[in-house]
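[1] model this:
(chains A and B)
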Amino acid sequence: DAGVIQSPRHEVTEMGQEVTLRCKPISGHDYLFWYRQTMMRGLELLIYFNNNVPIDDSGMPEDRFSAKMPNASFSTLKIQPSEPRDSAVYFCASSLNPASTDTQYFGPGTRLTVL
Amino acid sequence: DAKTTQPPSMDCAEGRAANLPCNHSTISGNEYVYWYRQIHSQGPQYIIHGLKNNETNEMASLIITEDRKSSTLILPHATLRDTAVYYCIVRVARSARQLTFGSGTQLTVLP
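    As a prediction, this is how the structure comes out:
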């Protein structure tokens, strides 16, 4: 099993540019989570999906952030326009249906730097 | 989810047992104790979880006090690769909700 795959691993962009982060969850997992990690705020949830449907997006900071899951094997997190305060490591995680087990498996993360 | 308290940092000699404490005095009856760790520059990794009985798997043991207000994660023979931030999380089991990470304990395994 390849685990959760994220791309790119590193992204450096300038303020105002659009940034798209990508995630491929583990095959068969019903839930997908997007987290952000900063030194100031630690790890915090942005949004999560169940069967490709967004369930809770209360953690999305503002309208500049949007997330989609067009199918069970792909999700994107988009920031438009990006700002320096968006600099962070963004993690994607997936899990099986929690009725069986709710262990979340995390990807390696995307380190985003906005200049 | 109940709040947890962990020491900010701990050291452990390689080959010795690492005992990481966690206080969760406001834990509810249906909440489990989960442990994750994050090795530098990697995503968090699940270690173990339990309700009230002690649990053991290939990675670690989890000891939960009888009143469930505190627990200890035990790495029986720590290696340098166990150097990481360890997070204790209390939540309802089999919940689709997010994991709420605190500040965790930075464990440094010394050669």
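
[2] so what's residue B:70 closest to, chain neighbours aside?
    Spatially, and ignoring its direct neighbours in sequence, residue B:70 is nearest to residue B:23 (4.9 Å; Cβ to Cβ, 6 or more residues apart in numbering or on different chains). In this view, the C-beta of every residue, glycine as well, is placed from N, C-alpha and C.

[3] which bits of chain A sit near chain B?
    Counting by Cβ under 8 Å from any Cβ of the partner chain, the positions of chain A adjacent to chain B are A:4, A:31, A:33, A:35, A:42-45, A:48, A:50, A:55-56, A:59, A:91, A:93, A:95, A:98-109.

[4] show the buried residues in those residues.
    Buried residues within the residues of chain A next to chain B, defined by neighbour count using 16 or more other Cβ atoms under 10 Å in any protein chain shown: A:4, A:31, A:33, A:35, A:42-43, A:45, A:48, A:50, A:56, A:59, A:91, A:93, A:95, A:98, A:102-109.

[5] show me the strands in chain B, by range?
    According to DSSP state E, chain B carries its strands in the segments B:9-13, B:18-23, B:31-38, B:45-50, B:55-56, B:61-64, B:70-75, B:84-92, B:105-110.

[6] now render the ones you listed as a markdown table, adding mean pLDDT.
    Formatted as a markdown table, the entries for those read as follows, by pLDDT from 0 to 100:
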| stretch | mean pLDDT |
| --- | --- |
| strand B:9-13 | 97 |
| strand B:18-23 | 97 |
| strand B:31-38 | 92 |
| strand B:45-50 | 92 |
| strand B:55-56 | 94 |
| strand B:61-64 | 97 |
| strand B:70-75 | 97 |
| strand B:84-92 | 92 |
| strand B:105-110 | 97 |
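
[7] redo those strands as TSV? Include mean neighbour count.
    TSV is the format used below for the strands of chain B (neighbours: other Cβ atoms under 10 Å in any protein chain shown):
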stretch	mean neighbour count
strand B:9-13	14
strand B:18-23	20
strand B:31-38	22
strand B:45-50	19
strand B:55-56	16
strand B:61-64	19
strand B:70-75	20
strand B:84-92	22
strand B:105-110	17
